[in-house]
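A.B. asks: Quick check, what structure comes out for this input:
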Amino acid sequence: MLKTWTATLLAGLAWAGSALAQEATIKFTLGWKTQGSDAAFFVARDKGYYKAEGLNVVIDQGEGSGATVTRVMSGAYDAGFGDVNAIIQNAAARPGEAPVMVYMMWNRPPFAIVTKKATGVTKPAELVGKTLGGAQGTPTTRLLEVFARKNGVPMDKVKLSNMAPNLQEPLLIKGDIDGALVFNITSYFNLVLNRQDPDKDFNWLMFGDYGLDLYSNGLMVSQKLIKDNPKAVAGLVRATNKAMIEIAGDQGLGMKGVVNFDNLVDEKVEKRRLQYSFSELIVSPEMKEIGIGDTKDERMARAIGIIVEGYQLARTPAPSEIFSRQFLPPKAERELVYTAN
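C.D. replies: Residues are numbered from 1 along each chain as shown. Sure thing, here's the model as predicted:
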């Protein structure tokens with residue numbers, strides 16, 4: 001009897017060890033410090049959705065949505081949340097090395113020019129004679145000339161002042177600049193934290209509304225992970241998608257995941273940021289048509305063209321180099337309905 005029990009125990013331990021050994025560890029980088037808009041990754045981890053796919057997803061904070069690409073390309077991370085436009089830039093110069101977007105989350109771009117309503121800027125033409133503050137190298141600043149050309153704004157009549165990102169909102173509030181070249185999901189809440197009302201007292205010129213119909217942030221993975229473990233990529237996408245669908249209907253659930261990951265966040269502000277990400281970046285007519293996570297090839301091709309023009313890239317990557325839908329769950333499982341609560 002003892003021998004039978006011992007044999008059974010050893011067999012069980014061997015099976016458990018084998019199962020544990022088969023669990024794939026994925027090093028994952030966020031786009032920035034912990035924010036409410038990252039909630040899906042935390043919920044998928046905390047509720048065991050990644051584990052159910054045989055994944056151990058280790059999540060670290062990021063250094064910028066563009067830096068996600070370089071972090072993955074360096075081999076330090078297998079996957080992350082970052083900007084598809086940074087993928088385009090790197091794919092143009094180093095084909096075969098840049099990460100691939102496998103789940104598009106922000107269907108609309110966050111690039112914007114924010115001005116005080118008192119300045120009177122309600123359309124691009126009214127930027128003439130104004131001073132804009134931008135951080136050198138950021139997408140909004142780099143794409144300003146493309147934005148200006150598409151909207152007939154002579155750049156020789158717009159003054160551009162270079163400054164650190166953390167100075168943009170303070171100088172805008174003070175009146176030292178007329179407008180700031182920003183990411184709306186960042187700047188909106190910087191204004192909130194500076195005790196401003198970003199809706200009542202500021203105007204927003206969204207690049208996506210004025211000819212720069214770009215995609216933005218989503219879940220990207222290394223080409224190595226796609227080659228070595230496509231099953232893990234599919235599981236990562238499937239689990240993240242499941243969490244996204246749930247959070248769209250229950251932001252309280254999302255914030256539990258955020259606070260569990262980082263209890264130092266301002267929960268009230270980050271819940272608003274989470275909701276803002278859905279209302280301003282995720283939900284769109286196109287997303288409702290094709291489902292969360294997917295893109296349209298024609299639009300992606302146009303977006304690539306805009307980035308090639310804005311960054312004066314030497315090569316134009318094909319949409320298939322930038323985005324792959326082969327790991328997406330069926331559309332019926334990606335139909336997202338957002339309800340603010």
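
A.B. asks: Quick one: the strands in the stretch 201-341 of the chain, in order.
C.D. replies: Here the stretch 201-341 of the chain has its strands, by DSSP state E, counting those that start in this stretch, at 202-206, 217-221.

A.B. asks: Could you dump those strands into JSON lines and include distance to Asn190?
C.D. replies: Quick note: C-beta positions are derived from backbone N, CA and C, even for glycine. Formatted as JSON lines, the strands of the stretch 201-341 of the chain follow (distance: least, CB to CB, whole Å):
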{"stretch": "strand 202-206", "distance to Asn190": "11"}
{"stretch": "strand 217-221", "distance to Asn190": "18"}
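
A.B. asks: any chance of those in a markdown table, with mean pLDDT, distance to Lys288 and mean neighbour count too?
C.D. replies: Compiled in a markdown table, those are given as follows (pLDDT from 0 to 100; distance: least, CB to CB, whole Å; neighbours: other CB atoms under 10 Å):
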| stretch | mean pLDDT | distance to Lys288 | mean neighbour count |
| --- | --- | --- | --- |
| strand 202-206 | 98 | 19 | 19 |
| strand 217-221 | 97 | 17 | 26 |
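
A.B. asks: Show me the shaky parts of this protein.
C.D. replies: 1-21 (pLDDT under 70).

A.B. asks: Show me how it divides into domains.
C.D. replies: Residue ranges for the domains of the chain, per automatic domain parsing: 19-107+215-333, 111-209.

A.B. asks: distance of the residue nearest the centre of the chain from Gly64?
C.D. replies: In the chain, the centroid-proximal residue (CA atoms, centre = their mean) is Asn217; its distance is 2.6 Å. Plainly put, Asn217 is 11 Å away from Gly64 if you go by CB to CB, to the nearest Å.

A.B. asks: what's the overlap in contacts for those two?
C.D. replies: Common neighbours of Asn217 and Gly64 are listed as Gly31 (criterion: CB atoms under 8 Å, 6 or more residues apart in numbering).

A.B. asks: quick one on the thing from earlier: got the domains of the chain as CSV, with distance to Thr339 columns?
C.D. replies: Shown next, in CSV, are the domains of the chain (distance: least, CB to CB, whole Å):
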stretch, distance to Thr339
domain 19-107+215-333, 5
domain 111-209, 20
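
A.B. asks: Could you say which of those is packed most deeply?
C.D. replies: domain 19-107+215-333 (a mean of 19; mean count of other CB atoms under 10 Å).

A.B. asks: Is it correct that the residue nearest to the centre of the chain is in contact with Gly80?
C.D. replies: No - counting by CB atoms under 8 Å, Asn217 stays clear of Gly80, with 10.0 Å between them.

A.B. asks: Report the set of residues contacting both of the two.
C.D. replies: The contact lists of Asn217 and Gly80 share Gly31, where a contact means CB under 8 Å, 6+ apart.

A.B. asks: My guess is Pro109 contacts Phe207. True?
C.D. replies: Yes - shown here, Pro109 and Phe207 form a contact pair, counting by CB under 8 Å, at 5.7 Å.

A.B. asks: which neighbours do the two share?
C.D. replies: In contact with both Pro109 and Phe207: Leu214, using CB under 8 Å, 6+ apart.

A.B. asks: Look up how far Ser222 lies from Ile245.
C.D. replies: From Ile245 over to Ser222 (counting by CB to CB), the distance is 25 Å.

A.B. asks: same thing with Leu205?
C.D. replies: 35 Å.

A.B. asks: same deal with Asp201?
C.D. replies: With CB to CB as the criterion, Asp201 and Ser222 are 43 Å apart.

A.B. asks: Please report phi then psi for Asn162.
C.D. replies: Asn162 adopts backbone torsions of phi -80, psi 130, taken as degrees, to the nearest 10.

A.B. asks: So it sits against Leu132, correct?
C.D. replies: No - counting by CB under 8 Å, no contact exists between Asn162 and Leu132, whose distance comes to 10.2 Å.
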